[in-house]
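Chemist: Mind folding the following:
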Amino acid sequence: MPGPHSANPRNRAPRPLDPTRLEELALAYVARFSVSAAKLEQYLRRKLRERGWDAEGEPEIHRLVDRLVSLRYVDDEAFARSKAAGLLRRGYGPRRVNQALSAAGIEAELREKVRTGEAAERAAALAMARKRRLGPFGAEPPDRQQREKQIAALLRAGHALASARELVEARSIEEAENWAEAIEEEFPE
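Modeler: Below is the predicted model of the structure:
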């Protein structure tokens, strides 16, 4: 006699994948998320482990990913630029941006190509200081121990030591903003 949950389709094991279902899964994923080629490949390999393969031969994941890249459904450069810009807006520094792009499978050459200029990095440091109420953005000037903790927080967020010190040791919000705007933006050619 079947159990009370056997009629529920959510309790059934998912059907194994075949080439058509694998492609449908890939297309649905890239339609929903901005991904790098490496992330798409990781996703498809995970789905194969979970669901199994129900076709002759080995699944041609790499060929499928290459085809989606050639159709421009997956664009590592656009992904990298978008991811980097989003992290900078949230206040993360260049080191954390580089780590995130590396984790997404973006090659070193492309990570260097999408790297922003110092002006954007300073603006990100200022955004983090403002958001976390560090340095002059706090209720009162930090003492030595608080300054060290605030500098450490900026370092963990991926900012350079010099930038962290400049922000945390700024005597006023205006001084911190002037520091962030003191360099001309470098635009990649």
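Chemist: which intervals of this protein have sub-threshold pLDDT?
Modeler: For the chain, applying pLDDT under 70 flags the ranges 1-10, 184-189.
Chemist: which stretches of it form helices?
Modeler: 19-32, 37-51, 61-70, 76-89, 94-103, 108-113, 118-132, 144-156, 161-168, 173-181 (DSSP state H).
Chemist: Domain map for this structure?
Modeler: 16-74, 77-181 (automatic domain parsing).
Chemist: Need the distance between the two termini of the first one.
Modeler: To tie it back to what came earlier, the one meant is domain 16-74. 25 Å (Cα to Cα, to the nearest Å).
Chemist: Equivalent analysis for the longest one, please.
Modeler: Looking at domain 77-181, the gap from its leading to its trailing residue is 27 Å under the measure Cα to Cα.
Chemist: What of stretch 86-106?
Modeler: Span of stretch 86-106 from end to end, Cα to Cα: 16 Å.
Chemist: Can you list the buried residues in that stretch?
Modeler: Buried residues in stretch 86-106, counted by 16 or more other Cβ atoms under 10 Å: 87-88, 91-94, 96-98, 100-101, 104-106. No exception for glycine: its C-beta is placed from N, CA and C like everyone else's.
Chemist: With stretch 141-155 instead?
Modeler: Buried, per 16+ other Cβ under 10 Å, within stretch 141-155: 142, 147, 150, 151, 153, 154.
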